[in-house]
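K.L.:
The sequence and its predicted three-dimensional model are supplied below.
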Amino acid sequence: MKLFFVRHGEPDWNLVEMRGARGWAKDFAPLTPLGRLQIDTIAGDFRLQEADAILCSTFTRALESGALLSRALNKPLFVEYDLHEWLPQKDPLADVDEHLLERAKQTLSGTRAEDPSAPWESLHEVRDRVLTVLNRYRRFESVVVVTHGVVIGSLVGMRRLVDHAEIVPFEIDLDHPGPAPTAAEHTVPTR
């Protein structure tokens, strides 16, 4: 399957922070005007024209990005919960624990050993949930996947931060997806 991963456009964090959003409520942040322009700009990329469909995360910044691409490319849009961002803490209603967040980032960046009992998602867990989603779309030869930096890195092993609205082409054999990247092969972006 040919994949075109797209990291969502620039989100408007100020909008949700001004309203006192906490925990997962911050993920309701829409795109900034620049973020919408970023997505409108990449919609003209010839590689995306060949895709059969667009899959996107349920987080607002990815959902808005996916909707803009769907309209511009005239491709069907499928919203998938399991394309959501990496979970630095699995309790969606808890306030963000900055100490826990720092430990989780250290694990993903390879500066701290992986702890299977940790309360955050490992890269392997992220990759497994994304592969489960992709398997449901095997009927397509090529899809655009609008999602988040860690999600993209969990499959392709990016060593750097994926830019907003960046297109990352990737081919995968879903019958033999290969090994997951290690934490040392991955950079943890902030949202």
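P.N.:
Alright, I've got the coordinates. Residues are numbered from 1 along each chain as shown.
K.L.:
Is Phe170 located within a helix, as I assumed?
P.N.:
No - assigned with DSSP: H, G, I helix; E, B strand; the rest coil, Phe170 falls outside any helix and is strand.
K.L.:
residues in contact with it?
P.N.:
Neighbouring residues of Phe170 by Cβ atoms under 8 Å, 6 or more residues apart in numbering: 2-5, 155-156. C-beta coordinates here come from the backbone N, C-alpha and C atoms, glycine included.
K.L.:
and Trp62, what is it in contact with?
P.N.:
You called it Trp, but residue 62 is Ala. The neighbours of Ala62, taking Cβ under 8 Å, 6+ apart as the test, are 8, 56, 83, 146-148.
K.L.:
related to what we said a few turns ago, Phe140: which of the contacts of Phe170 is nearest?
P.N.:
Closest approach to Phe140 among the contacts of Phe170 (Cβ to Cβ): Lys2, at 9.1 Å.
K.L.:
Next, count neighbours for that closest one.
P.N.:
Lys2 is flanked by 15 other residues according to other Cβ atoms under 10 Å.
K.L.:
how about the nearest residue to it, chain neighbours excluded?
P.N.:
Counting by Cβ to Cβ, 6 or more residues apart in numbering, Lys2 lies nearest to Ser142, which is 4.1 Å off, once chain neighbours are set aside.
K.L.:
again with Arg47
P.N.:
Leaving out its chain neighbours, the residue that sits closest to Arg47 by Cβ to Cβ, 6+ apart is Phe4, at 5.9 Å.
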